[in-house]
Every structure is written in structure tokens, then in C-alpha cells.
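Colleague: My questions concern the predicted model and sequence given below.
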Amino acid sequence: MAEKIKLKLFNNGLSVYVDESMTFEEIIEKVSAKFSENRNFFGKKNLALSIEGCTLSDREELSLIEAIQSNSGLKIICVIGKDEDTDKSFIKALSHVEKRINTDNDENTCEFYRGTLRDGEVVDTDKSIVILGDVYPDCVVRSSGDIIVLGGLYGEAYAGCEGDDTAFCMALEMQPERLKIGDFLLVNEKPSKWSFKLKVSPKLAYVKGQKVVLENVSKELFESIADV
């Protein structure tokens, strides 16, 4: 009999194949058992998740993620979609972000916020932060460390807000109303209203030559700032 749940681990990502003939209750039960049995094999990691074989609603996706995380030492950073170029770029970036914030060795250096910021919401933390959603206009994220937005950054972001010019800010889509890193403000960027685009390009903002620069995410870029 074919397996109802199949797991495949790849670099900084995890693929979960789910037999679509199962009810959602059966999916949760079998996924929970599968990850519980393999808890020691996976260890503690931050991973991107790919769900294959079935289509789940947003609520069901969240329930599946909760089942995985509660039965393992894994943290699901994001769910991979169908834009393969964006997915590959961001998974590659996440591997370098993980080294930077070093969450495996000190879990207190980074926190995660699940959800979209809207209606003027403000998130303020003395740790690096990963936002699992969008940051809408008029919303603010302030961090003493790095800011990673697994969505669109359309509001305001202040990384290294206690004067740390080595901090960075990264987002799947970067269109901030205002962006500041340490004591340096991103300039020559016209504030734009939030909107969808057919293709997004993950971007990273960091301080270079006494000013904030914005560049496409790449392995080489992270390696160049890793020792700053």
C-alpha cells in the first residue's frame, strides 16, 4: 500500500506529500504521527515548507504547520508557492539569515510574528524579527536587530534601531514608506501605495558607504556582509 504521507528534506526546505484521498482530520493525525516518529532525525531547524498532492485552505495550512511544529523541533518559516524563481532565491537567502541570527544556538536572538500588519499596527522588539506576512502602509516594524518580512514591506521599518548599522532588512517585495537602518535612512526611494505585482524580487537593504542601499537577494550578497 502506498504511503499516505511522504516527507522529503532538501537544503533549507521540506516537502510534504499528502494523499488527497484522506480527510483533513486524517491528514493532521498522520502528519503528527510521522513527525513525532522522526523528531530526532529532523532535529532543530528553520525550514521552508512545500505541500504537494493536495490543496489546502489558509486555515488548513496553518493547522498543518502547527501539527508539524508541535511534533518536532522544526520551525516553518514560510510555505513555498508556485513561483519557483522567487522560492529558490528566498530559500537561499534564508540559509544565510539563519546563520546570521544563529537561532539554533540561541533561541532568544530572534522572534517570529505570524500575520499581516494592517490598520496602523506597530511591532517593536529588541530582537531580530521574522514577519510571516505583509506590512501594510501606515504600519511600523522596529527591531534592535535584523528585520525579515516574508511578504511585502509597504509600511515603515527600522532595523538596528539602537544604532546598529550592521543590521539589515529583507523582504519578498520591498516598497517601504520609510526605511532606516541604524542611523541611516534610505533615500531617493519614492513612497508608493501597496499593490500586487505579477513577479516579485526579494530585496535586502543594508548600510554601505555611509548610506542604505537596496539590492536583489543573492548568496554572494549575504556572504559579502556576513562578517560586517
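Modeller: Looks like it came in fine.
Colleague: just the helices in the protein please.
Modeller: 24-37, 39-42, 58-70, 84-101, 219-225 (DSSP state H).
Colleague: Look up how far Ala48 lies from the residue nearest to Ile65 when sequence neighbours are not counted.
Modeller: Of all residues not flanking Ile65 in the chain, Ile76 sits nearest, at 4.8 Å (C-beta to C-beta, 6 or more residues apart in numbering). Bear in mind the C-beta positions are built from the backbone N, C-alpha and C, glycine included. To Ala48, Ile76 is 8 Å away according to C-beta to C-beta, to the nearest Å.
Colleague: Report the central residue of the protein.
Modeller: The centroid of the chain falls nearest to Leu150 when counting by C-alpha atoms, centre = their mean (4.0 Å).
Colleague: Pull the contacting residues for the residue nearest to Ile65.
Modeller: Ile76 makes contacts with 14, 47-49, 65, 68-69, as judged by C-beta atoms under 8 Å, 6 or more residues apart in numbering.
Colleague: Turn these into TSV, including pLDDT, distance to Val217 and neighbour count.
Modeller: Listed next are those as TSV, based on pLDDT from 0 to 100; distance: C-beta to C-beta, whole Å; neighbours: other C-beta atoms under 10 Å:
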residue	pLDDT	distance to Val217	neighbour count
Leu14	83	21	21
Leu47	79	18	23
Ala48	77	14	21
Leu49	82	19	18
Ile65	87	23	20
Ile68	92	25	23
Gln69	89	25	13
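Colleague: Identify, from the residues you listed, the entry nearest to Ala159.
Modeller: For those, the closest approach to Ala159 (C-beta to C-beta) belongs to Ala48, at 22.0 Å.
Colleague: For beta bridges, what are the partners of that closest one?
Modeller: The bridge-partner assignment for Ala48, based on DSSP bridges, gives Gly13, Cys78.
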